[in-house]
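In: my questions are about this predicted structure, shown below with the sequence.
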Amino acid sequence: MKKTRKYVLLLTVFILLIGLLSACQPKPPKNWWQDVVFYEIFVRSFKDSNGDGIGDFNGIIEMLDYLNDGDPNTTDDLGIGGIWLMPINPSPSYHGYDVSDYKAVNPDYGTLEDFNNLIKECHKRGIRVVMDFVINHTSSDHPWFESSKDPNSEYRDWYVWLEKRPNNTAGPWGSNAWYQKDGAWHQDGKAWYYAPFWSEMPDLNYHTPEVTEAIYDATKFWLDLGVDGFRVDAARYLFEEGYILQDSPKTIKWFQDWRNYYLKRNSRTYTVGEVWADTGLIKRYNQPTKGMEQFFMFDLATDLVGSVYSPSAWRATKAYTKALDAFPDGDFASFLTNHDQNRLASVLEEDLTKQKLAAFLLLTGPGTPYIYYGEEIGMTGTKPDEDIRKPMQWSDKSYGGFSRTIPWRKLNDGWTVNNVEAQDKDPNSLLNWYRKLINLRNSQSAMRQGAYFPISSDCRSLYVALRVEENQQLLTIANLKDEAIKGCSLSLEESPLSGVYLTESLMGDSIFENISFGENGQLNEWKIGSEIGAAEVFVINLKK
Ligand SMILES: [Ca+2]
Ligand SMILES: [Ca+2]
């Protein structure tokens, strides 16, 4: 009996210990995609490995160490944890947003084996690979469309055909969406097909179940190959339901079903949707259940860039608050510009300081940040699209170090001066600023996952936000104006902090003194006594 009692006592102590230990354990990590910074790559323009003037998979492999060398202790790489590859499927266009085969790679970019190698080399360095998935429409060259021109084809209903010209030919944004095609005959003449994006991008007809089956099949193909997820192009337009041409209930439901499918194949799959709309509307894609893992926050991007263009801290904090209202767990994709928009450097009139401030707002904020290739070196470019997707400027060597022959598109003027190699040597360059911020983000967990508390100030240009998690409290501060400011009052309605905190600067010298919060979390009278210089930024660790 005694022995048993001893045994029970020991067991109890053991269980108590386990309980204590597990209580001390940090919370399980969030989804991997909430811990990384993504980098968007236009393969055609990143790096040409075989001298045909076109960027390719092997070219990306050559440059992977620039993005992430796989060693967390080095800081001379960008610290990128995921890449989004713009379309890699075969396509007749230079950009690839009109796919002609969903289960193959564009021969301009290499072979499927090359792509496989790219995935392996990325994974070796801790970089995940997400590919563009262009599923609303295909290329008019796609064999499915070729076949569907025949009214008797089994593929006829894979596209939206009308025997007669529709009464209303307008697409979702008003321009013409209906075309006739040679050879697409019906008994009275040519039939009409629906193609709101372009005559050569006919919309798939998702009312035909075989279309969904084919897209599921492609999903499986890439996941089995080791791809970590998909960026879904033009996600709003899958189903047309009568006069509803975007965000239709069936479209939203389609993504929720698709998510069930891909999570069953791989529970760590990540998808990010291009629902180019206001934040409130994007939220509908998660009702009643999640539609994709993340969505790009277009409103946020406009506001972050805008708040730097004409300095307004309130605009930036308001934008983050709005995104967090819609996605309270911070599970959204943030960015400044992408391949469809004028490049950041051009929008900000090539002002280096403003570009640094924009990067600061993006990389110290909640969400999963995306950087568009070249943004980190201030590559310029305004539309047409080809000019915002130009070859990467690596060095002052032949064709910017991009290729040993004439590239598919002329490089930006000034590439001999502005390139990765030159910025690498300049400690104050935009590139080194990005490296510093991303590496800081990678090492400070509250910067990635901390709750977000904006602090308001009577100084319009002073951006202040707390990033708080259980074991770390960070204060992010930026003066968005090119003038020094002084004597600003700060106020915070509520925060989880209370008491006096010591400050420790994570970005160099700091002028901030100890900060105290009242019992109910409001900021005790805190004035910035000394001056904050023009466009200065701080990340401050608060310690009890
Ligand atoms: Ca090439
Ligand atoms: Ca559609």
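Out: Thanks, I have it. Ligands and ions are numbered 1, 2, ... in the order given.
In: in three-state terms, label the spatially most central residue of the chain for me.
Out: When CA atoms, centre = their mean is applied to the chain, the residue found nearest the centroid is Tyr370 (3.6 Å). Recorded secondary structure, Tyr370: strand (DSSP: H, G, I helix; E, B strand; the rest coil).
In: would you quantify the distance from it to Asp157?
Out: 37 Å (CB to CB, to the nearest Å). For the C-beta atoms, the positions are set from N, CA and C on the backbone; glycine is no exception.
In: smallest distance to ligand 2 belongs to which residue of the stretch 351-500 of the chain?
Out: Asp385 (21.2 Å; CB to the ion).
In: run a quick neighbour tally on that residue.
Out: 13 (other CB atoms under 10 Å).
In: can you give me the neighbour number for the residue nearest to it when sequence neighbours are not counted?
Out: Closest residue to Asp385 apart from its sequence neighbours, by CB to CB, 6 or more residues apart in numbering: His95 at 7.0 Å. Number of residues near His95 (other CB under 10 Å) recorded here: 16.
In: what do you get for Ser495?
Out: 18.
In: mind listing what the nearest residue to Leu502 once chain neighbours are set aside touches?
Out: Nearest residue to Leu502, sequence neighbours excluded (CB to CB, 6+ apart): Lys543, at 4.7 Å. Lys543 makes contact with Gln473, Tyr501, Leu502, Thr503, Glu504 under the criterion CB atoms under 8 Å, 6 or more residues apart in numbering.
In: so what touches the helix or strand where the fourth one lies?
Out: For Thr503, the enclosing helix or strand under DSSP states H and E is strand 499-505. Outside strand 499-505, the residues that touch it by CB under 8 Å, 6+ apart are 473, 475, 510, 512-517, 538-544.
In: mind running it again at 6 Å?
Out: For strand 499-505, the surrounding residues in contact (CB atoms under 6 Å, 6 or more residues apart in numbering) are Phe512, Asn514, Ile515, Ser516, Ile540, Asn541, Leu542, Lys543.
In: tell me, which of the residues you listed make contact with ligand 2?
Out: Among the contacts of strand 499-505, none lies close to ligand 2 by the criterion of CB under 5 Å from the ion.
In: among these, name the ones in helices.
Out: In helices, judged by DSSP state H, none of the contacts of strand 499-505 are found.
In: what is the most widely separated pair among the residues you listed?
Out: Greatest spatial distance among the contacts of strand 499-505 (CB to CB): Ser516 and Asn541, at 15.8 Å.
In: looking at these two, which is more packed in?
Out: Between Ser516 and Asn541, Asn541 has the larger neighbour count (other CB under 10 Å), namely 17 against 14.
In: check which residues of the helix or strand containing Leu223 are buried.
Out: Using DSSP H and E, Leu223 falls within helix 209-225. By neighbour count on 16 or more other CB atoms under 10 Å, the buried set for helix 209-225 is Val211, Thr212, Ala214, Ile215, Ala218, Thr219, Trp222, Leu223.
In: how about stretch 375-386?
Out: Glu375, Glu376, Ile377, Gly378, Met379, Thr380, Gly381.
In: filter those by proximity to ligand 2?
Out: Okay, of the buried residues of stretch 375-386, nothing touches ligand 2 (CB under 5 Å from the ion).
In: widest-spaced pair of those?
Out: Farthest pair in these, by CB to CB: Glu376 and Gly381, 14.1 Å.
In: quick one, what contacts the closest residue to Tyr285 other than its chain neighbours?
Out: Distances taken as CB to CB, 6+ apart put Gly291 closest to Tyr285, at 3.8 Å, once the chain neighbours are dropped. Neighbouring residues of Gly291 by CB under 6 Å, 6+ apart: Phe255, Gln256, Tyr285.
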